[in-house]
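Chemist: Generate a structure from the sequence data that follows.
(one chain, ligands or ions: 1)
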Amino acid sequence: MTTVSESVFQPDTFQPETLFDLDSEHAVDALIRRAVELRASDLFFMTEERAVAIAVRRFGVVTPISRVSREQGRRLISHIKALAGMNIAEARRPLDGRWIWGAGEEQVELRVNCIATLFGSDLTMRLWSRETGLIPLDELGLAASDLRKVNSMLQRPSGLILVTGPTGAGKTTTLYACLETLRDGSRKINTLEDPVEFAIPGIRQSQVRADLGVDYPELLRNILRQAPDVIMIGEIRDSSTAATAVRAANSGHLVLSTLHAPRAAGALQSMFALNANPYFLSSCLLGVVAQRLVRTLCRACRRAYDVGHSDEIAETVALFETEAPSTVFAPGEGCVSCQGSGYSGRTGLFEVLGFNTELRRLTARMAVSREIHQAAVDNGMVDFRKSAMLKVSQGLTNIEDLLRDVPAECLGLED
Ligand SMILES: [Zn+2]
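Modeler: Down below sits the predicted model:
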């Protein structure tokens with residue numbers, strides 16, 4: 001066994017000796033089973049100078065689970081490449097593959113990517129299971145008033161609903177939850193996705209195939225000829241898709257999509273940057289849902305602190321000024337129910353921006369984000385900061401995690 005002391009990745013819960021006793025097939029199986037048990041979103045194999053570090057991303061945070069010799073790691077990576085239908089002889093070019101891993105009732109889809117790094121191949125597996133990817137709208141972490149707003153947007157026959165946030169903020173999960181709400185058999189629902197993440201019965205799902213020239217704009221034009229009532233566009237990232245989406249939303253379709261923007265008000269700027277016509281946009285926008293994910297504390301072992309108890313806590317809480325609660329929580333030592341991590345999962349932080357006459361007027365004249373944000377707050381939008389403080393006071397999350405996972409400007413701590 002090779003042990004590299006200078007590495008930042010140290011073996012943790014999964015001792016490498018266990019893997020050395022196994023052949024590649026059983027070792028791969030054991031690692032995936034462990035990743036699934038930990039409810040990890042990714043499993044990483046990272047080739048270092050003298051070893052291969054194996055880690056998972058769990059609730060957004062990288063956690064090492066094992067390390068093996070370079071030779072053992074190379075065999076594990078080759079074995080996974082073969083299972084995922086990738087060319088095992090190719091070591092220099094980036095490769096993609098897919099594979100369904102199943103153990104009994106549980107089926108997990110694995111999306112595998114392999115690239116060359118300084119000391120050899122790095123392999124990343126994204127784990128997708130229906131259990132973690134299909135969550136009902138009322139379990140995403142939306143406050144009751146925000147949930148009502150989203151449900152009322154979804155009841156409209158036409159218009160545009162945008163979900164924004166960075167990669168990995170749970171945007172697709174939110175879109176799927178919306179589709180699940182709309183899926184009552186009375187509406188024809190078509191999607192354009194890259195890739196299709198989960199098969200949902202009763203929904204017509206199409207895959208973008210840029211390699212065949214079927215990109216978002218091309219597929220969207222064709223989907224409109226399929227006479228849908230609802231269209232879900234995986235992502236608006238070019239001006240042609242933006243223009244067609246706005247046109248569809250203005251001509252009797254309910255259009256849902258994701259967009260990269262840090263906050264709800266910023267979605268308008270992102271659409272303007274894609275040359276969306278402000279007047280047409282203002283006439284079809286129903287709402288913007290901005291989101292972030294934060295880790296939730298394990299209720300069984302979290303610890304409560306009185307804010308007055310220490311200067312350090314008081315100082316951190318003071319950042320949030322008047323919205324701060326008097327008791328805050330911190331992750332505990334870890335227990336059986338959280339597998340020693342102190343955390344139980346993740347929950348969403350949201351800003352749900354609904355449009356009234358004033359906000360439409362501001363959109364039509366391309367007002368700056370700050371002005372739109374203020375008008376939205378005046379119109380009752382609960383911003384990230386308030387949404388975060390609510391979750392802190394409920395003991396769902398702690399301030400340190402918030403500051404780590406959510407940029408200061410989103411929490412209104414920086415101007
Ligand atoms: Zn616990």
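Chemist: how about the nearest residue to E25, chain neighbours excluded?
Modeler: Leaving out its chain neighbours, the residue that sits closest to E25 by CB to CB, 6 or more residues apart in numbering is H79, at 6.5 Å. Heads up, the C-betas are built off the backbone N, CA and C, glycines and all.
Chemist: Which element, helix or strand, includes that neighbour?
Modeler: The secondary structure element spanning H79 is helix 70-83 (assigned by DSSP states H and E).
Chemist: name the helices or strands packed onto the helix or strand following that helix?
Modeler: The helix or strand immediately downstream of helix 70-83 is strand 95-103, counting by DSSP H and E. Contacts defined by 3 or more CB pairs under 8 Å, 6 or more residues apart in numbering; DSSP states H and E place strand 95-103 against helix 24-37, helix 70-83, strand 106-117.
Chemist: Now do the shortest one: distance to the chain's middle.
Modeler: This means strand 106-117. Averaging C-alpha positions (CA atoms, centre = their mean, to the nearest Å) puts strand 106-117 17 Å from its chain's average.
Chemist: Could I get the CA-only coordinates of that strand as PDB?
Modeler: Provided in PDB are the C-alpha atoms of strand 106-117 (Å, rounded to 0.1, in the frame of the first residue of the first chain):
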ATOM      1  CA  GLU A 106     -32.100   0.700  -6.000                       C
ATOM      2  CA  GLN A 107     -31.000   1.900  -9.400                       C
ATOM      3  CA  VAL A 108     -28.500   4.600  -9.900                       C
ATOM      4  CA  GLU A 109     -27.500   6.100 -13.200                       C
ATOM      5  CA  LEU A 110     -23.800   6.900 -13.400                       C
ATOM      6  CA  ARG A 111     -22.500   9.600 -15.700                       C
ATOM      7  CA  VAL A 112     -18.900   9.100 -16.100                       C
ATOM      8  CA  ASN A 113     -16.200  11.500 -17.400                       C
ATOM      9  CA  CYS A 114     -12.500  10.800 -17.700                       C
ATOM     10  CA  ILE A 115      -9.800  13.300 -18.400                       C
ATOM     11  CA  ALA A 116      -6.000  13.200 -18.400                       C
ATOM     12  CA  THR A 117      -4.400  15.100 -15.500                       C
END
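Chemist: Domain-wise, how is the chain divided?
Modeler: The chain breaks down by automatic domain parsing into domains covering 16-131, 134-405.
Chemist: Among the ones you listed, single out whichever gets nearest to the ion.
Modeler: domain 134-405 (3.1 Å; CB to the ion).
Chemist: residues near the residue nearest to E49 when sequence neighbours are not counted, how many?
Modeler: Spatially, and ignoring its direct neighbours in sequence, E49 is nearest to F119 (5.2 Å; CB to CB, 6+ apart). The burial count assigned to F119 is 14, neighbours taken as other CB atoms under 10 Å.
Chemist: Run through the residues that contact F119.
Modeler: For F119, the contacting residues are T47, E48, E49, R70, by CB atoms under 8 Å, 6 or more residues apart in numbering.
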